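**Student:** sequence and computational prediction follow.
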Amino acid sequence: MRYNESMKIRDVMKKEVYTVGSAATLKEVVALLLKRQVSGLIVIDQKGTVVGVVSEKDVYRMLYPSYREFYESPELFTDFKQQEEAIKDKSDISVAEFMTTDVIFADPDEYVMKVGAIMLARNIHRLPVVNKSGKLVGVVSRGQIYHTLFKKHFGL
């Protein structure tokens with residue numbers, strides 16, 4: 001890539017994508033996040049189609065009551081020691097119950113600045129990269145975009 005060319009997602013995406021099946025449990029998701037030392041995974045169905053994204057934030061939210069649950073019975077959620085002990089009881093919850101299903105995809109040929117703007121505006125940290133035929137070909141994160149842009153333009 002020459003200096004004066006605008007970068008495309010294919011220039012910054014990671015081709016090694018960590019995925020988890022849609023039938024995975026919370027415990028399996030956490031184990032994979034820890035093993036791969038990543039903060040999110042792409043969720044795929046049995047056909048390999050992207051059906052969601054799961055992040056540390058999604059996992060963390062599983063540890064706490066929903067707003068509705070809290071407002072209906074706040075007294076049940078003030079024993080933090082009990083809440084921590086209850087984590088193990090959630091290990092078999094399906095990823096389908098807590099993953100993000102409203103997935104935005106990036107095209108490998110899209111401009112980095114456009115995708116970065118979408119990610120920033122929507123507070124998204126990673127996007128699956130899908131080609132024209134719908135095949136998962138990579139993943140791009142805000143950090144990858146950030147690092148690549150500044151290395152290119154600041155010579156760092």
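**Tutor:** Looks like it came in fine.
**Student:** biggest helix in the protein by residues?
**Tutor:** helix 142-154 (DSSP state H).
**Student:** ok now that helix, how far from the chain's centre?
**Tutor:** 20 Å (CA atoms, centre = their mean, to the nearest Å).
**Student:** residues making contact with that helix?
**Tutor:** Helix 142-154 is contacted from outside by 3, 7, 11-14, 112-113, 115-116, 119-120, 124-126, 156, using CB atoms under 8 Å, 6 or more residues apart in numbering. (Each C-beta comes from the backbone N, C-alpha and C, glycine too.)
**Student:** ok, now how distant is residue 6 from residue 149?
**Tutor:** According to CB to CB, to the nearest Å, residue 6 stands 11 Å off from residue 149.
**Student:** go on, residue 23?
**Tutor:** Residue 23 is 38 Å from residue 149, by CB to CB.
**Student:** do residue 120 as well
**Tutor:** Between residue 120 and residue 149 the computed distance is 12 Å (CB to CB).
**Student:** looking at the two, which one has more neighbours?
**Tutor:** residue 149 (15 against 11; other CB atoms under 10 Å).
**Student:** now do the same end-to-end measure for stretch 57-66.
**Tutor:** End-to-end distance for stretch 57-66, by CA to CA, to the nearest Å: 14 Å.
**Student:** which residues does residue 49 contact?
**Tutor:** Counting by CB under 8 Å, 6+ apart, residue 49 touches residue 134.
**Student:** hmm, back to that, common neighbours of residue 6 and residue 149, please.
**Tutor:** Common neighbours of residue 6 and residue 149, counting by CB under 8 Å, 6+ apart, are 112, 113.
**Student:** ok, now which ones touch residue 55?
**Tutor:** Residues in contact with residue 55 (CB under 8 Å, 6+ apart) are 39, 40, 41, 100, 125, 126.
**Student:** can you redo those residues as TSV with neighbour count, secondary structure and distance to residue 50?
**Tutor:** Formatted as TSV, the contacts of residue 55 follow (neighbours: other CB atoms under 10 Å; DSSP: H, G, I helix; E, B strand; the rest coil; distance: CB to CB, whole Å):
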residue	neighbour count	secondary structure	distance to residue 50
39	14	coil	17
40	23	strand	13
41	25	strand	11
100	15	strand	11
125	14	coil	16
126	22	strand	12
